[in-house]
Structure formats: C-alpha cells, structure tokens
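Peer 1: After the sequence you'll find the predicted model.
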Amino acid sequence: MAGPLSYLGVELARPLVGVFEFTSCEGCQLQLVNNEATLLDFLNLVELVNFREAMSERSDDYDIALVEGSISRADEVARLQKVRANAKTLVALGSCACFGGVNQLKNRFGDLDWVKKEVYGNFPVATQEVRPLSDFVPVDLMLYGCPPKKEEIEKVIANLVVGKKVTMPKYPVCMECKANENLCLFTLGEPCLGPITRAGCDAWCPNNRRGCWGCRGPAEVANVRELETIMARHGFSRETFIDRLECFGGFAGQVAELRTTPKPTRAKRP
Amino acid sequence: MKSSRTIQINHLTRVEGHGNIHIRIQRGKVVEARWEVVETPRFFEAMLIGKRWENAPYLCGRICGICSIGHTLASIRAVENAFGIVPSEQTAALRLLLKHMETLQSHVLHLYFLAAPDFLGVGSVLPLTQSHPEEVQRALRLKLLANDACDIIGGRRLHPTRTVVGGFTMLPEKAQLERLAQRLITAEDDLAATADLFATFTLPDFTRETEFVSLKGDHSYPFIGGELVSSDGVVRQEAAYRTMTNEYCAKGFTSKLSKLSRDSFAVGALARVNNNFSHLHPAARTVAKRLGLVPVSHNPFMANIAQLVECVHVARDSLAIIKQLLKRKWQEPRVAIKPKQGIGVGAVEVPRGILYHAYEFDREGRIVRADCVIPTSQNHANIHADLKELARQWTAQGKPDSDIELLAQMLVRAYDPCISCSVH
C-alpha cells in the first residue's frame, strides 16, 4: 500500500498476513487495532490480506497466519489445517490458541453431555473437548497472554519481517514485578502466580494490584509445590490456588499432579 | 434476469464473530431469507459451576473481546446484588466513567472501522488510510483517548485488571483524570467532525416496526442497573429479567434467541436512544436532530446515528463525572466481601445493548447456577426478521442482487453484532 520498506538500507519484502479466529472472544485480534498510536506504522510493515473482523477482502495467499482461539468443533479442525497448509509461519495468538484458554475450563468436568445440557437443555449443539492449536497442527510461534501484549505482537511481527530470531523470556513474572518496584501482592493479601508464570507481560496485572492468574503459562522453572506452600502460609486455600492455575490451561499438567498429592499443612511464617 | 437466484454470504466480514446470510429469490419473490449464527459455543454458564464468586467477573469479562469491561461490570453487579453490597458513590462514579469510555471506544471502532467503509464504497478501513487520512487519524485519536481512559481507570483496555467485587484494586491519580478531562474537551471537535462526516452519508430508507428494550432512565440516561422497559410498554424489575428476555433455542443458531411482546425485539444504542431520549445530554440531542434521529425511529440503520449520539452524550457526561470526582477526597478503593447464599442479577447497558448476568450462590459463595443473556443474542431474532423484510421490499422494488447483497450486510453490521459474545 505504501512505498518500499527498508531496514538499515536493506530492502525488505512486506509479508502477507492473515488473521484467523476459532473458539474465542476475538479480543486478541482486537489488540492488533488497539494500539492506535502505532497502528499505521504496524499496517505499513505488513500487507494484511485476511482479517475478517476488520476487512471484507479475503485471500488464501499469505506468509504469516496469526491464529486466535482454541479448537472445539470438527469444522474448526478442517479450517485450521487449511490455514496451516497456506501459511509459511503459523503464530498461535493468545492463551486460547496456546493452551485452550478459559474455554478449556469446561473440560474439567469430563462430561460433555452434562456441559451441553447445563447451557442448552435438550437442544442439540455440536462441541468437543477444547484443545490448543498445537494438538492438531505444528505451531511455529506462541504469543502468550490473555490478552497478549500488543507491544509484544508488534515486536514479534517486526522481527519476522527483518528475519530476526524471536525469543521469549524464560524467567517468571515475579522478576518483572520486582523490577517495577511493586509492593508484593502477598503482602497486600492477594494470591499471585507471579513466581511461576512466564514473564514478558511486564507484570501487567500485579502493576495494577491484581494477582497473576498465570495466563502466559509456566516459566522455564516453575516450582508449583513451593508456591502452594507459600500460598498456604499466607492463608490461601488449595482451591484458590487451583482456581488460578487451571484458569487458562497453561498449567494443565501441574494441576493434574497437584490433585493427586496431599495438601501442605499451613505452616507458620518462618 | 435468472428466475431463481441465491445470495449466500458465509462468515460475514466486519462484524465480531461468525454469522451467515442466506437469501433465495424465485421469479422476483423472496422465498427464503435467513440470518444464521454458526459460532462455536464456549459454555461459560457451565464453566462457572462450582467456582467461587471471585472467579465470575474475572472469567466472564472474557466472554467478549470488545466489551470485556461491560461484562466485568455486569458480573460484579450480579455478585454484589447477591451479597447485598451497595457500591460507594466513588466506586459507582468510577464504574460509570469506565463504562462510558468503553462505549466511546466501541462505538468509534464500529462507526469508522466497521460501518463507514460501506458508505464510502470500500472493503475496509485500509484504503481509507490513503483516501481519507484525516478521518482515519480522527478515529484513532478518539479511540486512543477512550482506550487510554480505560487503562487509567480499569487498569487495562481489554480484560480489565482493577475492577473487582467491592470496588477497585487501585484508583487513578487525580492528575490522570485532569488530563483525561482536557482530552475530552478537545475530543468535542472530533465528535462534531464525525457528525459532519455522517451527515454526508445517505442511510438506506427502510423501516420495520420494532419493539425496543433497554434500561429505564428515571433521572438520567441509564447504563448500570435499574428497571427494564420496552417501547411496547412492558416494565420489569432488574431481578425479573427472565420475563423480559424469554430465551429459547432455534435451528440455525448456536446462540439463544429472545422475544417479548412480538416475535422479536431490538436492544442497543437505537433502543436506548428511542426509550430514553429526554435524558440525553442536550448536545447529544442536537446531533440526533441534525442527523434525523427522532424517537421512536424504526429504521435499524439509524443505529449508526444512535451510536454517534451516544458518543457525544458519554463524552459530555464523563466530563461532569470527572469534575465531581476531582472535588472529592479519595476514599478506600474497595470494601471487604462476605459471601452469602442467594441469587443476584446485574443488568448493564453495554455498547450493543442491555446485558444481564445472574448467579446463584451457595453458603460458601460458590456458583450453583449461572445465566448470561447477551445483547446480540437478544437482537438475533430481530436481525433475522429485518433481513426477511429488507429482502422482500428490495426485491419487490426490483433492486439488483448486488444492491441487496450489500444492503443485507450493512443491515447486519448496523446492529454491530458481537456474535461470539452472543454464543459465549
């Protein structure tokens, strides 16, 4: 749409980008237009060829597919496979695409018939267990978060355009929170998964005095048992801990393990 | 002209979520016209079962990526009503201000990014960045202002962080509110220019008599809680919302549908303006009159104008709220919560219409039953009825298929549907 794109004097090709969504709130793709100050620069960096929520033009020819949402119906599997076949790079955008997101909370009942009946009574509705994209197709990149940070989306796309490697932090949110000099949420009486959740959001929720709910999934080293002991010391029940751990699906393995182990005793503060 | 034609639009663009339009015309007569909702359901009402109260607003905000603030506020109101908590004046004022800024953000997004391209004959806002740079910059300025406001009050523009049962986790700085007030004053020019732009658009000439449902304003234009009213004269208490929504399931819709006095009714900006016109800010009423919106308007395309009118109202009202807030000393941001057994309902006017959340709690504050009735699900039956009538009228007038196809899409877009939200 605009003139040629270059970086340090080297001409760059604008990648063709398609935006797609499956079972989701479509909030992740809205984040793309939610950064008004840089939106026009962002649009100049790529060529959007598919973005149903914002444009009527459609195309099957694209380099990068940004895919939001989890998979919960057979027709979605077929649609996802088509997107995978068309795209050179498939990016899972947000916690639903990466882990199943809040949608996977319905899986915990292990009874889809009950779930359907609870909402629709006897009216027939097709659904299946909620799964992340990577259960069906290879995913090249994951952009974590509910919602993902728009700065992070822009950084990743910019890196893809100039051919730079994309890396994500391996340390936990707790480190970003400390660096921001926030009061520790445990001190404020709030439960928080900051010590075990992957960083990269700049401690978005703790900065606003809201404990972390783990939407970005586990950090490279995530000592869940130790955090449960710390939570218990601050008077938070296992139920409160699990509510957060299981919320977005990133800690599915840890939740399953936790459910089979005995609760920690409520030890006194050392 | 062929004797039998079909207009089929799968996954309509420039709307939130997945819906299809199907029109079949035989020998110059419409034999079938359908609005279909094919979105995958997420089963929020089941997800909540067994969860403690504090999960409800956090999870339910995630029903919608556009009006997450509205969902969070409706959910909080339902929990607070169940536990007998009345928000402080400070909390109520901040919530309304936050709600206003979401309304502004959402309406501007719809008016400029989703609706305007049709009136300017393009497929999206992208070509407008070249042909109408001033308009695009104006839209971005207004949206940025509203989103920044949501950040400073709610902590985040999407899936807010500071909004909790009992109040807020933290408060904005007064200096931030002062700056917001300054920007709102500047925005008045941008909103006036938006009215100038929309004055140049010709709305399709189509009416179908419709029942309109909204909150009922007693002393002010209503957004959070209160009685429910319909333009056919039905008045109900907030807690009796189910007698207003009468949800049912139907083939072709993964969303539920609603009806009241007739086969369908409409909610949203047009319903609110129609039912509460006298409570609008005078500046908003002036814009309405200038753009030909006189209550009760039965032209669904007028919903675009109603959104614009509400943008003017919320911008002016926000200034008044900030003025009041700046006069007061900040109080504690939140109160402690004691769960109680019982049922609570929260009705909130979100950008696309009236939204209800209702929860039943056990003694420990765990959810035993949940119900969310979404504005767009209440609108689906009405969109369907409008679509049939629009196809009938335009076919009878001998309009070409391409016109009918475009107008049918514009009709659905005028409702600014949030389809994934309606299915939730």
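Peer 2: Yep, it's here.

Peer 1: check whether stretch A:116-131 contacts chain B.
Peer 2: Yes - judged by Cβ under 8 Å from any Cβ of the partner chain, stretch A:116-131 comes into contact with chain B through A:116, A:118, A:119, A:120, A:121, A:123, A:125, A:127. Placement of C-beta: from N, CA and C, glycine included.

Peer 1: Need the max-distance pair from these.
Peer 2: Maximum pairwise distance among those (Cβ to Cβ): 14.4 Å, between A:121 and A:127.

Peer 1: I'd guessed residue B:12 sits against residue B:20; true?
Peer 2: Yes - between residue B:12 and residue B:20 a contact is recorded at 6.9 Å, counting by Cβ atoms under 8 Å.

Peer 1: just to revisit the earlier point, narrow the residues of stretch A:116-131 next to chain B to just the buried residues.
Peer 2: The neighbour count (16 or more other Cβ atoms under 10 Å in any protein chain shown) marks A:116, A:118, A:119, A:120, A:125, A:127 as buried among the residues of stretch A:116-131 next to chain B.

Peer 1: I'd like to know which of those residues is nearest to residue A:69.
Peer 2: Looking across those and measuring by Cβ to Cβ, the closest to residue A:69 is residue A:127, at 13.7 Å.

Peer 1: for the residue in the stretch 51-200 of chain A that chain B sits nearest to, what are its contacts?
Peer 2: The minimum distance from the stretch 51-200 of chain A to chain B, using Cβ to the nearest Cβ, falls at residue A:55 (3.1 Å). Taking Cβ atoms under 8 Å, 6 or more residues apart in numbering or on different chains, we find residue A:55 in contact with A:48, B:13, B:14, B:123, B:124, B:125, B:126.

Peer 1: In three-state terms, label the residue nearest to residue B:252 when sequence neighbours are not counted for me.
Peer 2: Setting aside the residues directly before and after it, residue B:252 is nearest to residue B:36 in space (Cβ to Cβ, 6 or more residues apart in numbering or on different chains), at 4.7 Å. Secondary structure, DSSP: H, G, I helix; E, B strand; the rest coil: residue B:36 is strand.

Peer 1: follow-up on the earlier one: as CSV, the residues of stretch A:116-131 next to chain B with secondary structure and distance to residue B:216 would be great.
Peer 2: Shown next, in CSV, are the residues of stretch A:116-131 next to chain B (DSSP: H, G, I helix; E, B strand; the rest coil; distance: Cβ to Cβ, whole Å):
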residue, secondary structure, distance to residue B:216
A:116, helix, 35
A:118, helix, 32
A:119, helix, 29
A:120, helix, 31
A:121, coil, 30
A:123, coil, 32
A:125, coil, 34
A:127, coil, 37
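
Peer 1: Residue A:101: which of the residues you listed is nearest?
Peer 2: Nearest to residue A:101 out of those is residue A:127 (Cβ to Cβ; 15.1 Å).

Peer 1: Give me the neighbour count for the spatially closest residue to that closest one that is not a sequence neighbour.
Peer 2: Nearest residue to residue A:127, sequence neighbours excluded (Cβ to Cβ, 6+ apart): residue A:72, at 5.6 Å. Residue A:72 has 26 neighbours, counted by other Cβ atoms under 10 Å in any protein chain shown.

Peer 1: same deal with residue A:11?
Peer 2: Counted with other Cβ under 10 Å, the neighbours of residue A:11 add up to 8.

Peer 1: do residue B:256 as well
Peer 2: Quick note: residue B:256 (other Cβ under 10 Å) scores 25 neighbours.

Peer 1: show me the contacts for it.
Peer 2: Contacts of residue B:256 were listed using Cβ under 8 Å, 6+ apart, and they are A:120, B:247, B:248, B:249, B:373, B:377.

Peer 1: for the stretch 151-270 of chain A, which spans come out with low pLDDT?
Peer 2: Applying pLDDT under 70 to the stretch 151-270 of chain A flags residues A:265-270.

Peer 1: Next to chain B, which bits of it? Give me the list.
Peer 2: Residues of the stretch 151-270 of chain A lying close to chain B (Cβ under 8 Å from any Cβ) are A:204, A:205, A:208, A:209, A:210, A:213, A:239, A:240, A:243, A:247.

Peer 1: Looking at residue B:12 and residue B:20, which is more packed in?
Peer 2: residue B:12 (21 against 16).

Peer 1: element containing the residue lying closest to residue B:393 once chain neighbours are set aside?
Peer 2: Residue nearest to residue B:393 in three dimensions, not counting chain neighbours: residue B:206, with 6.7 Å by Cβ to Cβ, 6+ apart. Using DSSP states H and E, residue B:206 sits in no helix or strand.

Peer 1: okay, now residue B:206: neighbour count?
Peer 2: A total of 19 residues lie near residue B:206 under the criterion other Cβ under 10 Å.

Peer 1: Could you do residue B:22 as well?
Peer 2: Neighbour count for residue B:22, taken as other Cβ under 10 Å: 18.

Peer 1: Residue B:249 too?
Peer 2: Count around residue B:249 with other Cβ under 10 Å applied: 16.

Peer 1: Name all residues that make contact with residue A:30.
Peer 2: Residue A:30 is in contact with A:53, B:65, B:66, B:158, counting by Cβ under 8 Å, 6+ apart.

Peer 1: helix, strand or coil for residue B:94?
Peer 2: Using three-state DSSP, the secondary structure recorded for residue B:94 is helix.

Peer 1: Would you quantify the distance from the residue nearest to it when sequence neighbours are not counted to residue B:101?
Peer 2: Sequence neighbours aside, residue B:153 is the residue nearest to residue B:94 in space, at 5.9 Å (criterion: Cβ to Cβ, 6+ apart). Residue B:153 sits at a distance of 7 Å from residue B:101 (criterion: Cβ to Cβ, to the nearest Å).

Peer 1: Could you name every residue contacting both of the two?
Peer 2: In terms of Cβ under 8 Å, 6+ apart, residue B:153 and residue B:101 are not both contacted by any residue.

Peer 1: Please name the residues that touch residue B:74.
Peer 2: B:60, B:346, B:347, B:348, B:350, B:355, B:356, B:357, B:372.

Peer 1: From those, which land in strands?
Peer 2: Judged by DSSP state E, the subset of the contacts of residue B:74 located in strands is B:346, B:347, B:348, B:350, B:355, B:356, B:357, B:372.

Peer 1: ok so, going back, so which of the contacts of residue A:30 is the most crowded?
Peer 2: Neighbour counts for the contacts of residue A:30 (other Cβ under 10 Å) peak at residue B:65, which has 28 neighbours.

Peer 1: excluding its backbone neighbours, what's nearest that one?
Peer 2: Leaving aside its chain neighbours, residue B:65 sits nearest to residue A:27 (2.4 Å; criterion: Cβ to Cβ, 6+ apart).

Peer 1: and the one you found, what does it touch?
Peer 2: By Cβ under 8 Å, 6+ apart, the contact set of residue A:27 is A:94, A:146, A:147, B:62, B:64, B:65, B:66, B:68, B:158, B:159.

Peer 1: Pop out the phi and psi values for residue B:282.
Peer 2: Taking degrees, to the nearest 10, you get phi -50, psi -40 for the backbone angles of residue B:282.

Peer 1: separation between it and residue B:101?
Peer 2: Look at residue B:282 and residue B:101: by Cβ to Cβ, they are 21 Å apart.
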